[in-house]
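K.L.:
kindly generate the corresponding structure for this input.
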Amino acid sequence: MFQAARAQLGGAIIRSAGRAQQPREIRTPKSPRSLSLPRAPMASVDAGEGQAAPAPRATVSHVIFDMDGLLLDTEGFYTEVQERILARYGKVFDWSLKAKMMGKKAMESARIFVDECGLAGLLTPEQFLEEREGMLQELFPSCAVLPGVVRLIHHLHANEIPICVATGSHKRHFALKTQNHQEMFALMHHVVMGDDPEVKAGKPSPDIFLAAMRRFEGNVEPSKCLVFEDAPSGVGAAKNAGMYAVMVPDPRLDVSYQKEADQVLSSLLDFNPTEWGLPPFKE
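P.N.:
The predicted model follows:
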C-alpha cells in the first residue's frame, strides 16, 4: 500500500506533518443553473436488511480524480471570464462550446474558443489566454470544495485505497486553486498536471491518466483504475486508457455527453463505493 499523506508534484514529494486535519467541506452552490436535463441512472441504493448486496459493477483498486469541476468548484470561474470576453464582441458563450473546451490544455482550448466563436482576425489564442489569465488568477484562490469530496477522499485514504489527481491545470493554476485546501491534497499519492512532460496531448488523449496510473506503486492495470470526471473529454480520456469512468457533470451539460461514462451521478454525495468493490462508508 502506498504511504499515507503524501503528494508528488512533478517529482517532488510533499509530506504532511502528522495527521492531516480534515478540511471543512464547503457546500457553496455553483452558479445558477438554468436548465435541468434528463439524468442517466444514479447509483443504486444499498440492499436492505436481509437482502443480498448487488454484485459490484467492477472491482477496482486505485482511484484517479480530475480536479476542476469535480473536486473544486472552479469551472464557473472559466465560464464567467469567457462570457465577459465574448460579450465585447456581441457573442454569447454557450454550453456546447463549454463542452468542447473542458479538460483541454490551455492553448488547445484557446484555439477552440477563437475558432468556434469566429474571432479569427479579432483575437488570437495567445491574446485570449493573456486576457483570461489576469481575471482567473484573482478568482482561483476563492474556490470551494464541492459536496461529497471531503468524505470520499478521507474514506478512501483511511481504507488505504491509493488515490491521486490528474488535472489539465498547469502548476501555477494548481497552486492558486489548492492553496486553501492543502490538507486535503496532501492525502493524494501524487498529482499529475497538464504541463507534465509525460502528458504529450490533452484529454481525450489517455496520456494524463496513463501517466497517473504508472506513478502508483506496483504494476497497476488500467482495468483496476476508477476515474472520476466532470468533463466529456475527461471521460473519453479515461475510456481511451482502458479505465472505468464515473461522471459527475454540470446539469447544464447536454445529456448526450454522458453516453461514454460507466456511471453518472448528480454529486459525489451519491457515490456508493461498494458498487465498485471498494469498502463501504461507515455512517
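K.L.:
host element of Phe228?
P.N.:
Here Phe228, judged by DSSP states H and E, is contained in strand 225-229.
K.L.:
pull up the pairing partners for that strand, direction included.
P.N.:
Next to strand 225-229 in the sheet, as set by DSSP bridges, lie strand 62-65 (parallel), strand 244-247 (parallel).
K.L.:
distance between it and the chain's centre?
P.N.:
Distance, stretch centre to chain centre, for strand 225-229: 9 Å (C-alpha atoms, centre = their mean, to the nearest Å).
K.L.:
list the contacts of that strand.
P.N.:
58, 60-66, 70, 103, 166, 209, 213, 234-235, 237-238, 241, 243-248, 261, 268, 276 (C-beta atoms under 8 Å, 6 or more residues apart in numbering). From N, CA and C alone the C-beta is placed, and that goes for glycine too.
K.L.:
just checking, what packs against the helix or strand just after that strand?
P.N.:
Later in the chain than strand 225-229, the nearest helix or strand by DSSP H and E is helix 232-240. Other helices and strands packing on helix 232-240, by 3 or more C-beta pairs under 8 Å, 6 or more residues apart in numbering; DSSP states H and E, are helix 207-214, strand 225-229, strand 244-247.
K.L.:
grab the nearest non-local neighbour of Gln137.
P.N.:
Using C-beta to C-beta, 6 or more residues apart in numbering and skipping residues adjacent in sequence, the residue nearest Gln137 is Leu176, 6.2 Å away.
K.L.:
which of the helices or strands spans that neighbour?
P.N.:
Residue-wise, Leu176 maps onto helix 171-178 under DSSP H and E.
K.L.:
before we move on, what about Leu152?
P.N.:
Leu152 is part of helix 149-158, with elements assigned from DSSP H and E.
K.L.:
what lies in contact with whatever helix or strand comes next after that helix?
P.N.:
Sequence-wise, the next helix or strand downstream of helix 149-158 (DSSP H and E) is strand 163-166. With C-beta under 8 Å, 6+ apart as the test, strand 163-166 has contacts from 62-67, 71, 153, 156-157, 185, 187-192, 208-209, 211-212, 215-216, 227.
K.L.:
for strand 163-166, give the mean pLDDT please.
P.N.:
For strand 163-166, mean pLDDT is 99.
K.L.:
stretch 101-109 too?
P.N.:
Mean predicted confidence for stretch 101-109 is 88.
K.L.:
same check on stretch 193-212?
P.N.:
Rounded mean pLDDT across stretch 193-212 is 96.
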